[in-house]
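S.K.: Would you be able to build a 3D model of this:
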Amino acid sequence: MNCYTKEQIEQAVKSKGYKWFENGDYNINIVGVRNSDTNNEVTNKFDDCMTLSYKINGEWQFRCFDCTTDPGKYWVENIMRESGVAILKPNQYRGSHQIGLHQGKYEALRQVKPVQVYRDNNLDVCYDLNEENIEEGIFGINIHRATKWEGKKSTQIDKWSAGCQVIAANNDWEEFMSICRNARDSWGNSFTYTLIESDDIKEA
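M.R.: Residues are numbered from 1 along each chain as shown. A predicted model of the protein is given here:
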């Protein structure tokens with residue numbers, strides 16, 4: 001999937017009427033971009049993007065990492081709850097995450113405020129994004145990494161995501177968390193997460 005520019009992300013976020021953070025250094029915009037070209041097919045690949053836009057000494061910085069914003073094939077076919085697997089609904093979730101332990105194991109961005117998810121329970125190879133199947137709450141929709149091995153990158157989602165937003169490459173993850181820690185030191189341990197569709201960028 002093609003990487004984007006800061007300008008494309010900013011324009012898409014603002015076109016939705018969402019907040020764009022631009023005051024001061026490390027006031028980060030964490031924006032996930034779901035790949036619209038898959039037509040909601042369960043690809044089981046890291047074919048989405050996780051972007052960071054922020055300033056250092058007043059100069060804009062931009063990072064774009066391969067990730068998934070969708071659950072993996074395993075959890076689509078082996079759902080944890082009767083209502084179905086969680087698929088995060090595109091939206092801006094203000095103050096939704098903070099740095100904490102993912103599954104008690106390592107530092108990640110943990111969900112601490114309600115988000116909206118679609119529930120898909122028909123076990124097929126397509127994500128069903130039905131408005132009547134939306135739930136809102138705290139479901140552990142964390143932002144975390146796949147492989148723990150330095151220099152390695154996961155290529156299949158499988159069990160890595162049951163609804164979480166997951167960065168594929170370990171080195172990308174380490175850079176992501178380093179930036180988030182700097183943001184925490186400057187602005188406190190509260191992070192807004194925005195999820196958009198790649199079609200939003202084409203339309204912006």
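S.K.: mind checking the SS state of Gly32?
M.R.: Classification of Gly32 by DSSP: H, G, I helix; E, B strand; the rest coil places it in strand.
S.K.: What number of neighbouring residues does it come out with?
M.R.: Neighbourhood size, Gly32 [other Cβ atoms under 10 Å]: 21. Quick note: C-beta positions are derived from backbone N, CA and C, even for glycine.
S.K.: Helix or strand: which one has the residue nearest to Cys3 when sequence neighbours are not counted?
M.R.: The shortest distance from Cys3 to any non-neighbouring residue, by Cβ to Cβ, 6 or more residues apart in numbering, is to Cys64 (4.2 Å). Applying DSSP states H and E as the criterion places Cys64 in strand 59-68.
S.K.: any idea how far whichever helix or strand comes after that strand is from the chain center?
M.R.: Next helix or strand after strand 59-68 toward the C-terminus (DSSP H and E): helix 73-77. Centroid separation between helix 73-77 and its chain, computed with Cα atoms, centre = their mean, to the nearest Å, is 18 Å.
S.K.: Tell me which residues of helix 73-77 come out buried.
M.R.: Buried residues in helix 73-77, counted by 16 or more other Cβ atoms under 10 Å: 73-76.
S.K.: Give me the buried positions along the longest helix that the chain contains.
M.R.: Longest helix in the chain, counting residues (DSSP state H): helix 170-187. When burial is assessed from 16+ other Cβ under 10 Å, helix 170-187 yields the following buried residues: 170, 172-173, 176-177, 179-180, 183-184, 187.
S.K.: okay if I get these as CSV plus distance to Glu135 and pLDDT?
M.R.: Shown next, in CSV, are the buried residues of helix 170-187 (distance: Cβ to Cβ, whole Å; pLDDT from 0 to 100):
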residue, distance to Glu135, pLDDT
Asn170, 32, 97
Asp172, 30, 97
Trp173, 28, 98
Phe176, 27, 98
Met177, 28, 98
Ile179, 31, 98
Cys180, 27, 98
Ala183, 29, 98
Arg184, 29, 98
Trp187, 30, 97
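S.K.: List just the nearest of those residues to Asn39.
M.R.: Asp172 (26.2 Å; Cβ to Cβ).
S.K.: Name the nearest residue to the closest one, sequence neighbours excluded.
M.R.: Nearest non-adjacent residue to Asp172, counting by Cβ to Cβ, 6+ apart: Phe65, 4.1 Å away.
S.K.: For the residue nearest to Gly140 when sequence neighbours are not counted, give me its contacts.
M.R.: Distances taken as Cβ to Cβ, 6+ apart put Gln111 closest to Gly140, at 6.1 Å, once the chain neighbours are dropped. Neighbour list for Gln111: 96-97, 138-142 [criterion: Cβ atoms under 8 Å, 6 or more residues apart in numbering].
S.K.: Which among the residues you listed count as buried?
M.R.: 96-97, 139, 141-142.
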